[in-house]
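A.B. asks: Provide a 3D model corresponding to the input given below.
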Amino acid sequence: MYQQFNEQFAAATRQFADTAAQFNRIALENAEAVFGLQMAALEERTNATFAFFGEVAEVRDPEAMKNLWPKGVQIARENVERAVSTGQEVFGRTMKANEALGQIAKSQVESAVKKTQAEVEKATKSAKSGK
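C.D. replies: Sure thing, here's the model as predicted:
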């Protein structure tokens, strides 16, 4: 009796550890991808902004400043577009990771239900044959 309980407990513990490892792997991969996306976008926006500031520092007359103004607006607009685009990509990747986690959880629940049903059927047969 105790041997069977110990084996079931060990199997359940192993399955839990495997599932936790899968969850952690997916979450870590997603975090790495998101961090990489955000760092790349930040680097790109920072480079564009500092290049613009370099041009601003070289301006010597008001006419050149007037000509530089549209470029500044363009860079600001591109920075906002990149931020939105990166945010959407991060959201999409996170949704995919959450779907994968949901599938793992669903398969674990289905597996537990099948095992429970099998045990109930086994116990029912055992009870019927015992009478």
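
A.B. asks: Tell me where this structure has helices.
C.D. replies: Secondary structure of the chain (DSSP state H): helices at 2-57, 62-130.

A.B. asks: want to throw those helices into CSV with mean pLDDT and mean neighbour count?
C.D. replies: For every residue, glycine as well, the C-beta is placed using N, CA and C. Listed next are the helices of the chain as CSV, based on pLDDT from 0 to 100; neighbours: other Cβ atoms under 10 Å:
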stretch, mean pLDDT, mean neighbour count
helix 2-57, 89, 12
helix 62-130, 89, 12
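
A.B. asks: who's in contact with stretch 37-53?
C.D. replies: Defining contact as Cβ atoms under 8 Å, 6 or more residues apart in numbering, one finds that stretch 37-53 is touched by 71, 72, 75, 78, 79, 82, 83, 85, 86, 89, 90, 93.

A.B. asks: Out of the residues you listed, the closest to residue 110 would be?
C.D. replies: Compare each of the contacts of stretch 37-53 with residue 110 using Cβ to Cβ and the shortest gap goes to residue 93, at 26.0 Å.

A.B. asks: list the contacts for the closest one?
C.D. replies: With Cβ under 8 Å, 6+ apart, residue 93 has these contacts: 30, 33, 34, 37.

A.B. asks: can you do 6 Å?
C.D. replies: Contact partners of residue 93, counting by Cβ atoms under 6 Å, 6 or more residues apart in numbering, are residue 33.

A.B. asks: could you measure it against residue 46, distance?
C.D. replies: To residue 46, residue 93 is 22 Å away according to Cβ to Cβ, to the nearest Å.

A.B. asks: Ok, residue 96 next?
C.D. replies: On the measure of Cβ to Cβ, residue 96 and residue 46 end up 28 Å apart.

A.B. asks: and what of residue 104?
C.D. replies: For residue 104 relative to residue 46 (Cβ to Cβ), the value is 38 Å.

A.B. asks: Can you report phi and psi for the nearest residue to residue 65 once chain neighbours are set aside?
C.D. replies: Using Cβ to Cβ, 6 or more residues apart in numbering and skipping residues adjacent in sequence, the residue nearest residue 65 is residue 59, 5.1 Å away. Taking degrees, to the nearest 10, you get phi -70, psi 130 for the backbone angles of residue 59.
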